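**Student:** here is a sequence with its predicted model. Questions after.
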Amino acid sequence: MSQPEQRDEVEMLSLMLLIRRFEERASQQYQAQKIGGFCHLYIGQEAVVCGTVAAVRPDDYLITAYRDHAHALARGTSANACMAELFGKATGCSRGLGGSMHYFDREHHMYGGHAIVAAHVPLAVGMAFASKYRNEDRVTLCFFGDGAINQGSFHEALNLAALYKLPVVFICENNLFAMGTSVERSTSLKEIVDRAEGYDIPGTVIDGMNFREVRNKLAEIVSSIRGDPHPAFAEVRTYRYRGHSMSDPASYRTKEQLEKYRLDDPITRLRAQLTREEKLTNERFDQMDKEAKETALASVKFAEESPDPPLENLYDYTYVGT
Amino acid sequence: MREITYRQALNEALAEELERDPNVFLMGEEVAEYNGAYKVSQGLLERFGAKRIIDTPISENGFAGMGVGAAMVGLRPIIEFMTFSFSFVAFDQVVNNAPNMLTMSGGQFNIPITFRGPNGPAHQLGATHSHATECLYANVPGLKICTPATPRDAKGLLKTAIRDNNPVLVLEVELLYSSKGMVEEEDVELLIPLGEAEVKREGSDVTIICYAQTVPLALAAAKTLENEEEISAEVLDLRSIKPLDLDAILNSVSKTHRVVIVEQDRPFCGVGAEVSYRIQKEMFDGLDAPILRVAQEDVPMPYNERLEKAVLPSAEKLIAAVKKVCYA
């Protein structure tokens, strides 16, 4: 398959808006106790996954950690299926059996939704191994947070990927905090990207608040891998506006830091770029935002009205037949 | 039928399944160029090439996880642990990723993976290398576990495990790799279903339930009991721990009314605890004596040979337990 056509930037902005409005709605529903368990919001980081999907093919493998709502939405999972999953309903993207941290969507090549920090990084390497085994030119996109880089499985996975020259991009979404522990307090290296060098994997630093930079640099990385399978590492510097999860007031960081990143908001930034270039009017933006809000609101209604997974199917997903 | 070793039987199973399905590959430490730490994969690299017989660095979590990922997208990995004692380093992949994926994804991703290698105490390997892991893994929904004791079972169960669409653990026995037994000719497709126990010796006075390395032990004890005590012991080899063949167990016990379970794992929450619970639940009135268990002593494995012997189940301990339930 050829390279993807450049995806329309206005559409990608619209996707970022949908993700943000969806998560704001999820946050509200969580507070209303309609959503159980843990709920980790991606607000502020939208350009990372949206810039990435804009740079790759829809059939490239994508796998991520537990902050995964945006990754499914960006891949094409409907807001309805995403919200219904949060509500634990049968119509959810994992039939209500996975929850916020375990979104899956085979049809859209979204391979989870993995909630043990860094445990999915070896999985990504295995998926890339399968591509190479079958002589396919798919690339695996493996997202994880800065908290993952000190887990053993991360290090084992990077070594294996480099050793076997597998087509995988390790995308570290560095939002500066692993739950409440800052990178300085967790990591011996000053620059996360330097981890890659230790495994002879090329590393790139990307401004994760800038959609265009994420897309352009990822497109470069992915195209270098396509014909010549090898791993690559991208440290994408970003910021989450909300706490680690809904129960976290984020008192470990300053208001000033949050404000600094809010001023650099990825949606505002792409909007300004497009407006300046006369590709987007205020009216169009307002319309897109209105639609995103409506879609998010409608997903709540859909989730509320959806049935629970049937009790009689409780044992249906433990084993499959042979 | 012909006589081959347990090791050769496993080797044939691997070769036949690699031959049959191009999506099958074998990955693990020393499986390729070294021909396997226990020579189970002897000759496979030469025959199938480095693409499908893959040496790994010592990174159990990493390559077990790779297997899970490859299985998510359609391959059928066979992951060898040099011993299941090392699988603890990959516990998160075996317990948290492989068996949970199907449920977590609402049925979208099954994981057709085989984890195999020697399991259970061997000889004087000390505490870290002597773990019998079956009771730990049997606690995990989504995993299947088989424990072959003969070359025939080793071949038939491993082939079935590789074809199964779920994660299956094939727990082999290091001490039996060189043991011999009769197996069908190579041109006969030998598939033994998971979850089917087998009566390895018929008897009428007592049922000895065993698996893996306690099977030869039980057969030897049964012979002694016949010759010296005139007790006729039926030896039932579970072959699979999960699914458990409860019907076969109840069939045998309804004939003998007395049970001793001899297991290679530890007593606390061991396999025998579950088996005896199920027997008393289903046929309390059919028992003529309390069920006894012979398991390891509940201590980390000592290196000293005499102490190790004292920790392990033995024919003497088994015979004493059988005599007790027979009030002999």
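**Tutor:** Done, it's in. Owing to the predicted nature of the structure, the values given are computational and were not obtained by experimental measurement.
**Student:** what about the residue lying closest to residue B:225 once chain neighbours are set aside, how many residues close to it?
**Tutor:** What sits nearest to residue B:225 in space, not counting adjacent residues and going by Cβ to Cβ, 6 or more residues apart in numbering or on different chains, is residue B:231, at 4.2 Å. C-beta here means a position set from N, CA and C on the backbone, and glycine is covered the same way. Number of residues near residue B:231 (other Cβ atoms under 10 Å in any protein chain shown) recorded here: 22.
**Student:** for residue B:231, what are its contacts?
**Tutor:** Counting by Cβ atoms under 8 Å, 6 or more residues apart in numbering or on different chains, residue B:231 makes contact with B:205-206, B:225, B:322-323, B:326, B:328.
**Student:** from these, which single one is nearest residue B:87?
**Tutor:** Distance to residue B:87 across the contacts of residue B:231 (Cβ to Cβ) is lowest for residue B:322, with 32.9 Å.
**Student:** circling back: nearest to residue A:202 among the contacts of residue B:231?
**Tutor:** residue B:322 (66.1 Å).
**Student:** what residues does the host helix or strand of that closest one touch?
**Tutor:** Here residue B:322 sits within helix B:315-325, counting by DSSP states H and E. Under the contact criterion Cβ under 8 Å, 6+ apart, helix B:315-325 has outside partners B:206, B:208, B:217-218, B:220-221, B:224-225, B:229, B:231, B:233, B:258-260, B:262, B:288-294, B:328.
**Student:** so which of those residues sit within strands?
**Tutor:** The strands, defined by DSSP state E, take in B:206, B:208, B:233, B:259-260, B:262, B:292-294 from the contacts of helix B:315-325.
**Student:** do stretch B:75-95 and chain A meet at all?
**Tutor:** Yes. With Cβ under 8 Å from any Cβ of the partner chain as the criterion, chain A is reached by stretch B:75-95 at B:75, B:77, B:92-93.
**Student:** how near is the residue nearest to residue B:225 to residue A:320?
**Tutor:** According to Cβ to Cβ, to the nearest Å, residue B:231 and residue A:320 sit 44 Å apart.
**Student:** thinking again about what came up before, between which two of the residues of stretch B:75-95 next to chain A is the distance greatest?
**Tutor:** The widest separation within these, taken as Cβ to Cβ, falls between B:75 and B:92 and amounts to 20.4 Å.
**Student:** who's more crowded, those two?
**Tutor:** Ranked by neighbour count (other Cβ under 10 Å), residue B:75 and residue B:92 place residue B:75 first, with 23 against 20.
**Student:** what sits against that one?
**Tutor:** Contact analysis of residue B:75 by Cβ under 8 Å, 6+ apart lists A:129-130, A:133, B:23-25.
**Student:** rebuild those residues as TSV, extending it with neighbour count and secondary structure.
**Tutor:** As requested, the contacts of residue B:75 are exported to TSV (neighbours: other Cβ atoms under 10 Å in any protein chain shown; DSSP: H, G, I helix; E, B strand; the rest coil):
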residue	neighbour count	secondary structure
A:129	29	helix
A:130	25	helix
A:133	21	helix
B:23	17	coil
B:24	21	strand
B:25	22	strand
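**Student:** where along the stretch 51-200 of chain A do the strands fall?
**Tutor:** Using DSSP state E, counting those that start in this stretch, the strands found in the stretch 51-200 of chain A span residues A:61-64, A:110-113, A:140-145, A:168-174, A:177-178, A:181-182.
**Student:** and if you look at chain B?
**Tutor:** Counting by DSSP E, chain B has these strands, from start to end: B:2-5, B:24-28, B:53-55, B:76-80, B:114-118, B:144-146, B:168-172, B:180-183, B:198-201, B:206-210, B:233-237, B:240-242, B:259-262, B:292-294.
**Student:** any idea which helix is longest in chain B?
**Tutor:** The helix spanning the most residues in chain B, taking DSSP state H as the definition, is helix B:6-20.
**Student:** quick one: buried residues of that one?
**Tutor:** Within helix B:6-20, the residues that count as buried by 16 or more other Cβ atoms under 10 Å in any protein chain shown are B:6-18.
**Student:** so what's residue 208 up against?
**Tutor:** Let's take chain A. Counted by Cβ under 8 Å, 6+ apart, residue A:208 has contacts A:45, A:47-48, A:51, A:173-174, A:214, A:236-239, A:266.
**Student:** looking at chain B here, not the other one
**Tutor:** B:218, B:221-222, B:233-236, B:259-262, B:318, B:322.
**Student:** mind checking how far it is from chain A?
**Tutor:** 29 Å (Cβ to the nearest Cβ, to the nearest Å).
**Student:** what sits against residue 87?
**Tutor:** Using chain A here. Here residue A:87 is in contact with A:29, A:34-35, A:96, A:303-304, A:306 (Cβ under 8 Å, 6+ apart).
**Student:** not quite, I wanted chain B
**Tutor:** Residue B:87 is in contact with B:60, B:64, B:81, B:94, B:115, B:117, B:133, counting by Cβ under 8 Å, 6+ apart.
**Student:** rewinding a little: mind putting the contacts of residue B:231 in a markdown table, neighbour count and pLDDT included?
**Tutor:** Listed next are these as a markdown table, based on neighbours: other Cβ atoms under 10 Å in any protein chain shown; pLDDT from 0 to 100:
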| residue | neighbour count | pLDDT |
| --- | --- | --- |
| B:205 | 21 | 98 |
| B:206 | 28 | 98 |
| B:225 | 24 | 98 |
| B:322 | 28 | 98 |
| B:323 | 15 | 98 |
| B:326 | 20 | 97 |
| B:328 | 13 | 82 |
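**Student:** residue A:135 and chain B, how far apart?
**Tutor:** Separation of residue A:135 from chain B (Cβ to the nearest Cβ): 10 Å.
**Student:** just the pLDDT for that residue.
**Tutor:** With respect to pLDDT, residue A:135 scores 97.
**Student:** one more: the one 3 residues further on?
**Tutor:** The model reports residue A:138 with a pLDDT of 97.
**Student:** narrow the contacts of residue A:208 to those in strands?
**Tutor:** Counted as lying in strands by DSSP E, out of the contacts of residue A:208, are A:173-174, A:236-237.
**Student:** turn the residues you listed into CSV, including pLDDT.
**Tutor:** CSV is the format used below for the ones in strands among the contacts of residue A:208 (pLDDT from 0 to 100):
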residue, pLDDT
A:173, 97
A:174, 96
A:236, 98
A:237, 96
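**Student:** got the residues of the stretch 1-150 of chain A near chain B?
**Tutor:** A:61, A:63, A:92-98, A:102, A:104-106, A:111-114, A:116, A:119-131, A:133.
**Student:** mind putting the residues of stretch B:75-95 next to chain A into a markdown table with distance to residue A:73 and pLDDT?
**Tutor:** Below are the residues of stretch B:75-95 next to chain A laid out as a markdown table (distance: Cβ to Cβ, whole Å; pLDDT from 0 to 100):
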| residue | distance to residue A:73 | pLDDT |
| --- | --- | --- |
| B:75 | 29 | 98 |
| B:77 | 31 | 98 |
| B:92 | 28 | 98 |
| B:93 | 28 | 98 |
